[in-house]
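S.K.: only geometry, no sequence info:
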């Protein structure tokens, strides 16, 4: 049992915090909206009134927030997490943010005598529930080794030699580079899947049949398998909405410019996310790009 903290108890953060509680850890948590954390409080989460209070109570504090601005907001100020850190403590940021922002926060963390790793997650609600998400980690190797057992509990990593899901990728910021390199493919694959379904449908094949074939074919990545059904039935609550997906695409495009890697498919997929926003679909799961393409194909008005 370890004293842990968790800042940001949204859909994914809440599931991670719940998993830590189920493993027997003492978890102190904070969320901007307390009501969203109430189910966790009912299960034993210790509520804190600020990020600072979380870090003061915990040996290792995790965070999962929306973007770079949100990370800076919870880190700085008299009630920020930096004010609650001290020697020997560790901050594990699981958010997908700018690598430059993450490195800047890590430098401030180390000024406190603590340490930080970036540990973004590849996966969704479905893969987390099934124990199939993966975590990539950037930071000092010794700090990674200290938090690795907890990260393996979070991702339910299989035993060594059978595809462990927690991977050390290098220094601070590199896990975030790896994460956006992963996430850009979600939107690109989703757009390609939509094109295939619509081509089949306008050729005379039932949409449901096309989805069934493609999600059980050679192109059926895990993402295609669990999001393909969204072409037929969009979820009431987005797993990963258009705004969040576009945030990651813009991070990827920024990174591509910085290291001189052309990303033509990323740029094209990003434009369809912009179109979805223009059509009032920003809060829908990014699988809604099917409807954008379907309108262009004349199947929806």
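M.R.: Okay, I see it. Just so you know, these numbers come straight off a predicted model, no measurement behind them.
S.K.: Any regions of the stretch 1-150 of the chain where pLDDT drops low?
M.R.: 1, 124-132 (pLDDT under 70).
S.K.: Recalculate using a threshold of 90.
M.R.: Along the stretch 1-150 of the chain, segments meeting pLDDT under 90 span 1-2, 10-13, 15, 19, 22-23, 32-33, 35-37, 66, 122-134.
S.K.: Nearest residue to residue 262 in space, please, no chain neighbours.
M.R.: residue 256 (6.8 Å; C-beta to C-beta, 6 or more residues apart in numbering). Heads up, the C-betas are built off the backbone N, CA and C, glycines and all.
S.K.: can you tell me the helix or strand for that neighbour?
M.R.: Assessed by DSSP states H and E, residue 256 sits inside helix 242-259.
S.K.: the inter-axis angle of the helix or strand following that helix versus helix 242-259?
M.R.: Downstream of helix 242-259, the next assigned helix or strand under DSSP H and E is helix 264-278. On the basis of axes from the mean of the first three to the mean of the last three C-alpha atoms, to 10 degrees, helix 264-278 is oriented at 150 degrees to helix 242-259.
S.K.: next one: phi and psi at residue 92?
M.R.: Phi and psi for residue 92, reported as degrees, to the nearest 10, are phi -110, psi 110.
S.K.: For it, give me its contacts.
M.R.: 60, 61, 62, 63, 116, 117, 119, 147, 151 (C-beta atoms under 8 Å, 6 or more residues apart in numbering).
S.K.: Identify, from those residues, the entry nearest to residue 72.
M.R.: Closest to residue 72 out of those is residue 63 (11.6 Å), distances taken as C-beta to C-beta.
S.K.: OK, contacts around that closest one?
M.R.: Contacts of residue 63 (C-beta under 8 Å, 6+ apart): 6-8, 13, 51, 71, 74, 81, 91-95.
S.K.: Nearest spatial neighbour of it, chain-adjacent residues omitted?
M.R.: residue 7 (4.2 Å).
S.K.: in the sheet, who's paired with that neighbour?
M.R.: residue 30, residue 63 (DSSP bridges).
S.K.: Pull the number of nearby residues for it.
M.R.: For residue 7, the count of nearby residues is 32 (other C-beta atoms under 10 Å).
S.K.: Could you check how far it is from residue 49?
M.R.: 12 Å (C-beta to C-beta, to the nearest Å).
S.K.: mind listing what the closest residue in space to residue 87 that isn't next to it in sequence touches?
M.R.: Leaving aside its chain neighbours, residue 87 sits nearest to residue 113 (3.5 Å; criterion: C-beta to C-beta, 6+ apart). Neighbour list for residue 113: 85, 86, 87, 88 [criterion: C-beta under 8 Å, 6+ apart].
S.K.: List only those of these flagged as buried.
M.R.: Buried subset of the contacts of residue 113 (neighbour count, 16 or more other C-beta atoms under 10 Å): residue 85.
S.K.: Looking at the contacts of residue 113, spot the one nearest residue 17.
M.R.: residue 85 (19.3 Å).
S.K.: From what I see, the closest one and residue 112 are in contact.
M.R.: Yes. Counting by C-beta atoms under 8 Å, residue 85 touches residue 112, with 4.3 Å between them.
S.K.: could you pull out the helices for this structure?
M.R.: Ranges of helices within the chain are 11-22, 34-42, 51-57, 68-75, 81-84, 99-111, 125-129, 141-155, 174-202, 207-214, 222-227, 242-259, 264-278, 289-296, based on DSSP state H.
S.K.: any idea how far the last one is from the chain center?
M.R.: Spelled out, that is helix 289-296. Relative to the centre of its chain, helix 289-296 is centred 25 Å away, using C-alpha atoms, centre = their mean, to the nearest Å.
S.K.: Distance-wise, check residue 298 relative to residue 199.
M.R.: 13 Å.
S.K.: An error on my part: the question was meant for residue 106.
M.R.: 46 Å.
S.K.: of those two, who's got more company?
M.R.: Using other C-beta under 10 Å, the more surrounded residue of residue 106 and residue 199 is residue 106, with 23 against 12.
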